[in-house]
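Undergrad: Here is my input; please provide its structure:
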Amino acid sequence: MESRFIYRALVVGAFGGLLAFVFARIFAEPFIQSAIDYESGRDEAQAALDKAAGLPVSAGDAEIFSRSVQRNFGIATGMVLFGLAMGGLFVVAYLMLSRRFPGLRPRVLAALVAAAGFVGVYLVPFVKYPANPPAIGHSETIGDRSAVYLAMVGISIVALILAVVAGYRLAGRFGAWNASLLAAFGFVVVISVAMALLPALGHFPLNEAQYGKHATETPQPLLGPDGKIVYPGFPADVLFKFRLYSVIAQMIMWATIGLAFGALAERAAAKAKAPAAARPAAAVASPSPAA
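TA: Numbering: from 1, shown residues only. Below is the predicted model of the structure:
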């Protein structure tokens, strides 16, 4: 029985990733291209400044995959695989909670688990370290950025699990509603402390040494030797819309997982109950051998 749930979760996870890709391809991809165009223009301006100053100009990196492959096959593959992985994570949490709360309908439980997955795995880490398009972030800090982001994801998931456990244990003493509020408050406190302790992306030592102390790694205006702006900073509207559509794409994926899996799980549960309900009736209807 559990294997059927696992297969269903993996399928709907991949499907959710595919739907998220379709949305991102239509709405977010133009802003990815705008970010790439900005990066190319800024690199050309920096090269011109270096050449005028007599500094060596580095050659651009060779493009391994074309933009057509990246924006279609590359993003699609990444998002489908991510959806598949999140479907696996989702079904593990679903099966564990279904044993603890057998009275909850599969649709309700699936929706709650999917909502928790969206908040814990994506939304909370996004608040501290939001998604960035190309041209934002320095290649030298990739390791540092990955480490702090994964730390934020781990803290968020652990805090969410602890909040669920605390709410369950406090329900008998304070009631389900008050226990849920107390657990949510504890979750917010833990996350707030973690966000305060983890460094901002612009506060890495390398960034502070080269670019000054900023909250993010968003490129600032490029200045010439005379202090005048020779190339503008990264466009704020491109950054905002990319992040907005990134959040919506994740919402689509998690909503698909929760709603589609809930419908499939409820149908599977109904089919499992049907033979069990039919057996007593059949036993009554069959004549006794002694008769």
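Undergrad: can we go C-alpha only for contacts and neighbour counts from here?
TA: Will do.
Undergrad: Which parts of the stretch 101-250 of the chain are strands?
TA: Here the stretch 101-250 of the chain has its strands, by DSSP state E, counting those that start in this stretch, at 222-223, 229-231.
Undergrad: Redo those strands as JSON lines? Include mean neighbour count, mean pLDDT and distance to Leu89.
TA: Converted to JSON lines, the strands of the stretch 101-250 of the chain look like this (neighbours: other C-alpha atoms under 10 Å; pLDDT from 0 to 100; distance: least, C-alpha to C-alpha, whole Å):
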{"stretch": "strand 222-223", "mean neighbour count": "16", "mean pLDDT": "90", "distance to Leu89": "43"}
{"stretch": "strand 229-231", "mean neighbour count": "16", "mean pLDDT": "92", "distance to Leu89": "44"}
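Undergrad: Ile136 is nearest to which of those strands?
TA: strand 222-223 (13.9 Å; C-alpha to C-alpha).
Undergrad: need the strands of the stretch 101-250 of the chain in TSV with distance to Ala52, can you?
TA: As requested, the strands of the stretch 101-250 of the chain are exported to TSV (distance: least, C-alpha to C-alpha, whole Å):
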stretch	distance to Ala52
strand 222-223	14
strand 229-231	13
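Undergrad: Any idea which of these gets closest to Ala176?
TA: That would be strand 222-223 among these, by C-alpha to C-alpha, at 55.5 Å.
Undergrad: Run through the protein and note the low-pLDDT ranges.
TA: Across the chain, residues meeting the criterion (pLDDT under 70) sit at 1, 59-63, 274-291.
Undergrad: Can you pull the domain assignment for it?
TA: Domain segmentation of the chain under automatic domain parsing yields 1-57+67-136+233-273, 139-217.
Undergrad: which of the ones you listed is buried the deepest?
TA: Each of the domains of the chain was scored by mean neighbour count; the highest is domain 1-57+67-136+233-273, a mean of 18, by mean count of other C-alpha atoms under 10 Å.
Undergrad: Distance from the chain centre to that domain, please.
TA: Distance, stretch centre to chain centre, for domain 1-57+67-136+233-273: 5 Å (C-alpha atoms, centre = their mean, to the nearest Å).
Undergrad: What ranges does the stretch 1-150 of the chain have for its helices?
TA: 2-27, 29-52, 67-69, 75-100, 106-117, 124-128, 142-174 (DSSP state H, counting those that start in this stretch).
Undergrad: and those as TSV, adding distance to Phe240?
TA: Formatted as TSV, the helices of the stretch 1-150 of the chain follow (distance: least, C-alpha to C-alpha, whole Å):
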stretch	distance to Phe240
helix 2-27	13
helix 29-52	10
helix 67-69	22
helix 75-100	20
helix 106-117	23
helix 124-128	13
helix 142-174	19
